[in-house]
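>>> How does the following fold in three dimensions:
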Amino acid sequence: MNTFHLIISSPDGNKFDGDAVMLSLRGTEGDLAVMAGHVPFVTAVKKGKCEITLPDETVMEATLDGGLLNVSKDLVTLLSSSFNTKE
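Numbering: from 1, shown residues only. Reported below is the predicted structural model:
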């Protein structure tokens, strides 16, 4: 599976920094998923559920309070005021 580098940051610091296969969340225009090779874009993100599919095929679930998603050629960055993983 192709992966991309994902960094998720909040005021408390980086909450995730590593490789991912897919990032799923809700943007202002609706649900979206980012995978390796996605076209670059920037969008606001709504409060809600977020899922990160890892290279070993496990899925990390979290909630976030909205924020900003930046997808570039080599890096995906999600900035949120809070990012809480489910244990």
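
>>> Could I get the CA-only coordinates of stretch 67-81 as PDB?
Coordinates of each C-alpha in stretch 67-81 appear next as PDB, following Å, rounded to 0.1, in the frame of the first residue of the first chain:
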ATOM      1  CA  GLY A  67      -9.400  22.900  12.200                       C
ATOM      2  CA  LEU A  68      -7.400  23.200   9.000                       C
ATOM      3  CA  LEU A  69      -6.200  20.500   6.600                       C
ATOM      4  CA  ASN A  70      -3.300  21.100   4.300                       C
ATOM      5  CA  VAL A  71      -2.500  18.500   1.600                       C
ATOM      6  CA  SER A  72       0.700  19.000  -0.300                       C
ATOM      7  CA  LYS A  73       2.800  16.900  -2.600                       C
ATOM      8  CA  ASP A  74       5.000  15.400   0.200                       C
ATOM      9  CA  LEU A  75       3.100  16.100   3.400                       C
ATOM     10  CA  VAL A  76      -0.400  16.200   4.900                       C
ATOM     11  CA  THR A  77      -0.900  18.400   8.000                       C
ATOM     12  CA  LEU A  78      -4.000  18.700  10.200                       C
ATOM     13  CA  LEU A  79      -4.100  21.500  12.700                       C
ATOM     14  CA  SER A  80      -6.900  21.300  15.300                       C
ATOM     15  CA  SER A  81      -7.600  23.000  18.600                       C
END
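
>>> where does it sit relative to the chain's centre, distance-wise?
7 Å (C-alpha atoms, centre = their mean, to the nearest Å).

>>> Stretch 55-69 too?
For stretch 55-69 - counting by C-alpha atoms, centre = their mean - the centre lies 5 Å from the chain centre.

>>> List the buried residues in it.
By neighbour count on 16 or more other C-beta atoms under 10 Å, the buried set for stretch 55-69 is 62, 64, 66, 67, 69. C-beta: built from backbone N, CA, C; applies to glycine.
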